[in-house]
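Visitor: Sequence and predicted structure, then a few things I'm wondering about:
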Amino acid sequence: MNQHLSPTRTFYSACPHDCPSTCALEVEVSDGRIGRVRGSRANSFTAGIICAKVARYAERANHPDRLTRPLRRMGAKGAGAFAPMGWDEALDEIAHRFREAERRHGPETVWPYYYAGTMGLVMRDGINRLTRAKGYSRFFSSICVNPAWSGFMAGTGKLAGPDPREMAKSDLVVIWGTNPVSTQINVMTHAMRARKERGAKIAVVDVYRSPTMEQADIAVLIRPGTDGALACAVMHVLFRDGLADRAYLAEFADDAAGLEAHLQQRTPEWAAAITGLPAEEIEAFAHAIGRTAKTFIRAGYGFTRSRNGAVAMHAVSCIPTITGAWKHEGGGVFHSNSAIYRWNKTMVEGLDIPTAARELDQSRIGDILTGDPEALLGGPPVSAMLIQNTNPVSIAPDQEKVRRGFARDDLFVAVHEQFMTETAAMADIVLPATMFTEHDDLYQGGGNQYVILGPKLVEPLGECRTNHEVIGALAERLGAAHAGFAMSPRAHVDWMLQAAGRGTVEELEEARFLDVQPDFDTAHYAKGFNWPDGKFRLKPDWAHARYAAPAKFGPYHDMPAWPDHWAVIEEANEDYPFRLVTSPARSFLNSSFTETAGSIARERRPELMLHPEDAASLGVGEGDLLVVASARGEVRLHARLFDGLRRGVVVAESIWPNRAHAGGRGINSLTGADPVAPAGGAALHDNRVRIGKA
C-alpha cells in the first residue's frame with residue numbers, strides 16, 4: 001500500500017541556528033519531506049552528536065502552523081486577524097509603503113532589521129545589500145556578542161584561540177559561564193572524552209547548578225556579575241603561590257609586574273565577599289588551574305551579558321597567560337573562532353556601495369521606535385521596517401517600550417517569517433519564509449573551525465520564499481542596483497569561497513565541509529599575540545577596543561585599567577532585593593522551537609527558580625504564581641524551589657512567548673537596553689527584581 005512513497009535517502013546539511021556548534025548534519029528525506037536528523041560522525045567536532053531539539057527538526061519543518069502564504073493585517077495590530085494575499089500584491093505594497101515613507105522623511109526612515117534566526121551567510125546578511133543600495137538606516141548588531149568579543153580581543157588582539165577539539169587533550173577543562181549540556185552539547189562531547197581517556201577533571205563556573213554543573217568534578221557557584229572578582233582572586237593565588245609562569249609572562253605579556261601589584265588586594269577573602277563562593281573553594285580552584293599545565297578554559301557568552309561583561313571576559317582570558325597554559329596542546333582559553341574565516345562579503349552585503357546612513361542599535365529598538373532622539377542619533381523617526389530572522393517583540397530588552405513602538409499606527413512593518421511569531425502578529429504584511437533544508441547557504445562554526453555547505457534538500461513548503469528572493473524582488477521594485485541581487489544563493493556561496501581561496505561550491509559540495517583550523521603556533525599565539533609588540537594586554541586599552549562598533553558605548557571612560565570586579569552591575573537593593581538571570585532553556589533556542597509540541601512539553605511552563613530559604617522568607621511554595629518586577633516592568637511566573645543557587649539569586653530559563661505568561665508579559669519586560677561598555681550589547685542577565693505572590 002506504500003509503493004507510491006519515495007525511498008528514504010540521507011543528505012548532508014548544517015544546523016542553521018544561533019549556536020556556536022554549527023553542527024554538521026545528516027538529514028533523511030522521503031517523499032519531499034525531511035525526517036530524522038542526525039549529527040555527522042565524519043565531522044570531528046560534531047562527532048555524531050547533536051542536541052535533541054534539532055534531532056526532532058522534522059517536527060518543526062513539517063509543523064501544521066507554518067506560514068505558507070503572504071498575509072495582510074485586517075484588524076488592530078497584534079490582534080491576529082490576517083487575510084491571504086498574493087506575492088506580487090504583497091511585494092508591491094511593501095515597496096509602495098517604503099517609497100511613501102522615504103518621501104516623508106528621507107531614506108533613513110526605513111530600517112531593515114534582522115538577526116541570527118539563520119546563521120547562513122547568504123540568507124542572514126543579504127538584507128544589508130538592500131540597506132546600502134537604498135541608503136536606509138543601517139543595523140548595528142549588538143544584542144549578543146559585543147561584551148564577550150570586545151573583552152576577549154582586549155587581551156589577545158584577535159577573536160580566535162586553540163582548536164576547540166583540544167579539550168579532549170586537556171587535563172582540566174574549565175567551562176566558564178556557559179551551560180553546554182543544554183546549549184552546546186559538542187563542548188561536553190570533547191570534555192567528556194578528556195575525562196574518559198585522560199582522567200581529566202571538569203570544572204564549571206556558573207550562577208546556578210545547571211545541567212552542566214551537575215557533571216562537574218569542581219563546581220564553582222557564584223553570584224551573577226562577579227566573574228571578574230573570581231578571576232582576579234585566582235590570579236592573586238597564582239602569583240602568591242609561585243604558580244605563575246614568569247618566563248612566559250616576560251616574553252608574552254605587557255606588564256606582569258603591574259598586574260601582580262594590582263592583585264595584591266584581590267585576595268580570595270575579598271572575592272568571597274563579592275562572589276558568595278567561600279575563600280577555601282577559590283583557593284582550591286586556583287590551585288587546580290595553577291598545578292595543571294594543560295588547563296583549557298572554554299569561556300561562554302553567559303557571564304558577559306552583564307554591565308561589566310567585557311571586563312569579566314578580559315579577566316578570565318588573562319588566566320592562561322599567567323600560567324603559560326597557551327604553550328600546551330590542550331591548554332589556553334577559547335571563546336570563538338570567528339576571526340579565522342576571513343570572508344569577503346562584498347557581494348552578499350553590498351559593501352562596495354558607499355553609505356553615510358546612520359547605524360541604529362539593535363538592542364535599543366524600544367527607544368528607537370518610541371522616538372528617543374538620542375537613540376535615533378538625531379535623525380528622522382523610523383516609520384517603515386522589513387524584519388527577517390528575528391523576533392524582537394519577544395527577545396529584545398525593555399519590552400514595554402518595544403511593544404509601544406510596534407503598536408504605533410504610523411509605523412509600517414513587513415515581517416518575513418516561518419511562524420506567526422509575536423513580531424509577525426504586529427506586522428502589516430507577513431511573508432512566509434523557507435527553512436534551512438529549503439534553500440542553499442553557507443555556514444561557519446563560531447565554536448569550531450568548520451566551513452559547511454547547507455544545500456537545498458526539499459522544495460519550499462507552500463508559497464514560502466527565501467530571504468534572498470524577497471530582498472531581490474524588493475530591490476527590483478525599489479530601483480536598487482547591485483550585482484548581488486541577480487546572483488543565486490549558490491552563486492553567492494561560490495563567490496565567497498573563491499574570494500577566500502577555499503575552492504568552489506562544487507568542491508565544497510563534494511567535501512561536505514572544510515576544516516580551516518590554523519596551525520598550533522597561530523592558534524596558541526606561540527609567536528606572539530595580535531599586537532605590534534606581540535604581547536598579551538594584561539592592561540587593556542578600552543578606549544581603543546578592537547571590536548568594530550560605530551561608537552563607544554556605556555561608561556567606557558570609567559572601565560578599570562586592570563582586571564577587576566567592576567561594580568556597575570544592577571546590584572540588589574532594598575526595593576529590588578533579588579538578582580535575576582535569564583538563562584537559555586534546553587528545549588528552546590531563544591524564541592525558536594517555542595512552537596513545537598515536544599519542546600513545549602519538556603519545558604512545561606514559564607518558571608522562576610528560587611532558593612527554598614528565599615521562598616520561605618517570602619511565604620512562597622512550589623508552583624505558586626509570582627509577580628516578578630524590575631524598574632522596567634513586571635512578569636508572572638510559577639515558582640520552582642531550587643537549592644542550586646546562592647541566596648538572593650533567581651533564574652528564569654528560556655524566552656517563552658509573552659502570551660505563555662499569565663498577564664501576557666514575557667521575561668524581557670524585566671531586562672534593560674542600556675548599552676554595555678565599551679562596544680554596546682544588552683545586559684540580559686543583569687537585573688535586580690522584587691518578588692511577591694500574584
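Guide: Sure thing, it's come through.

Visitor: what residue ranges in this protein score low on pLDDT?
Guide: Of all residues in the chain, those with pLDDT under 70 make up the ranges 1-5.

Visitor: what do you get if the cut-off is 50, keeping everything else the same?
Guide: 1-3 (pLDDT under 50).

Visitor: Phi, psi for the closest residue to Y576 other than its chain neighbours please.
Guide: Distance criterion C-beta to C-beta, 6 or more residues apart in numbering; nearest residue to Y576, sequence neighbours excluded, is R688 at 3.8 Å. C-betas here are computed from N, CA, C, even on glycine. The phi/psi pair for R688 (degrees, to the nearest 10) reads phi -100, psi 140.

Visitor: R688: neighbouring residues, count only.
Guide: 19 (other C-beta atoms under 10 Å).

Visitor: quick one, what contacts F593?
Guide: Residues in contact with F593 (C-beta atoms under 8 Å, 6 or more residues apart in numbering) are 53, 60, 587, 599.

Visitor: Please report how far A244 lies from T321.
Guide: In this structure, A244 and T321 are 9 Å apart, going by C-beta to C-beta, to the nearest Å.

Visitor: mind listing what the residue nearest to Y576 touches?
Guide: 570-573, 576-580, 630-631.

Visitor: quick one: which of these sit in strands?
Guide: 578-580 (DSSP state E).

Visitor: Name only those of the contacts of R688 that count as buried.
Guide: Neighbour-count burial (16 or more other C-beta atoms under 10 Å) applied to the contacts of R688 gives 570, 572, 576, 578-580, 630.

Visitor: Looking at those residues, spot the one nearest A310.
Guide: When the buried ones among the contacts of R688 are ranked by distance to A310 (C-beta to C-beta), E570 comes first, at 15.9 Å.

Visitor: any chance of the contacts of R688 in CSV, with distance to A384 too?
Guide: Converted to CSV, the contacts of R688 look like this (distance: C-beta to C-beta, whole Å):
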residue, distance to A384
E570, 34
E571, 40
A572, 41
N573, 41
Y576, 38
P577, 43
F578, 40
R579, 39
L580, 35
S630, 31
A631, 31
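
Visitor: From the ones in strands among the contacts of R688, pick the one nearest V237.
Guide: Nearest to V237 among the ones in strands among the contacts of R688 is R579, at 26.0 Å by C-beta to C-beta.

Visitor: these two touch, right, the closest one and V650?
Guide: Yes: the pair R579 and V650 qualifies as a contact (C-beta atoms under 8 Å) at a distance of 7.2 Å.

Visitor: Now the common contact residues for those two.
Guide: V689.

Visitor: State the distance from T594 to P392.
Guide: 15 Å.

Visitor: who has more neighbours, those two?
Guide: Neighbours were counted for T594 and for P392 using other C-beta under 10 Å; P392 has more, 28 against 23.

Visitor: Spit out the contact partners of the more buried one.
Guide: The neighbourhood of P392, defined by C-beta under 8 Å, 6+ apart, consists of 113, 365, 402, 423.

Visitor: show me the contacts for R104.
Guide: S383.

Visitor: Quick check: it is in a helix.
Guide: Yes: counting by DSSP: H, G, I helix; E, B strand; the rest coil, R104 falls inside a helix.

Visitor: quick one: the helices in the stretch 401-550 of the chain?
Guide: With helices called from DSSP state H, counting those that start in this stretch, the stretch 401-550 of the chain shows them at 467-478, 483-486, 489-499, 505-511, 520-523.

Visitor: how far out from the middle of the chain is the fourth one?
Guide: The gap between the average C-alpha position of helix 505-511 and the chain average comes to 29 Å, counting by C-alpha atoms, centre = their mean, to the nearest Å.

Visitor: that older thread, so can I have JSON lines of the ones in strands among the contacts of R688 showing distance to A357?
Guide: Output for these, formatted as JSON lines (distance: C-beta to C-beta, whole Å):
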{"residue": "F578", "distance to A357": "42"}
{"residue": "R579", "distance to A357": "39"}
{"residue": "L580", "distance to A357": "36"}
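
Visitor: quick one: contacts for the most centrally placed residue in the chain?
Guide: Central residue of the chain (C-alpha atoms, centre = their mean): C144, 4.5 Å from the mean position. Neighbouring residues of C144 by C-beta under 8 Å, 6+ apart: 18, 116, 301, 681.

Visitor: and the gap between it and E438?
Guide: Per C-beta to C-beta, C144 is found 25 Å from E438.

Visitor: same question, R690
Guide: Distance of R690 to E438, computed by C-beta to C-beta: 46 Å.

Visitor: Burial check on G379, number of neighbours?
Guide: 15.

Visitor: scratch that, R73 is what I was asking about
Guide: By the criterion of other C-beta under 10 Å, R73 has 20 neighbours.

Visitor: now do the one 3 residues further on
Guide: Look at A76: counted by other C-beta under 10 Å, it has 11 neighbours.

Visitor: what residues are up against N590?
Guide: So N590 contacts 18, 391, 395, 584, 655 (C-beta under 8 Å, 6+ apart).

Visitor: I figured the last one hits S591, correct?
Guide: Meaning I655. Yes: with contact defined as C-beta under 8 Å, I655 reaches S591; the gap is 5.0 Å.

Visitor: what do the two both touch?
Guide: What both I655 and S591 touch, as defined by C-beta under 8 Å, 6+ apart, is the set 394-395.

Visitor: so what's the spatially closest residue to P455 that is not a sequence neighbour up against?
Guide: Nearest non-adjacent residue to P455, counting by C-beta to C-beta, 6+ apart: D440, 5.5 Å away. Going by C-beta under 8 Å, 6+ apart, D440 touches 122, 453-456, 488-490, 493.

Visitor: what do you get if the cut-off is 10 Å, keeping everything else the same?
Guide: By C-beta atoms under 10 Å, 6 or more residues apart in numbering, the contact list for D440 reads 120, 122-123, 453-457, 466, 468, 488-494, 505, 509.

Visitor: What of L684?
Guide: 143-144, 301-302, 305-306, 309, 363, 395-397, 580-583, 655, 667-668, 670-673, 676.

Visitor: now the residue nearest to P455: how far from D31?
Guide: D440 is 21 Å from D31, by C-beta to C-beta.

Visitor: Brilliant, that's me finished.
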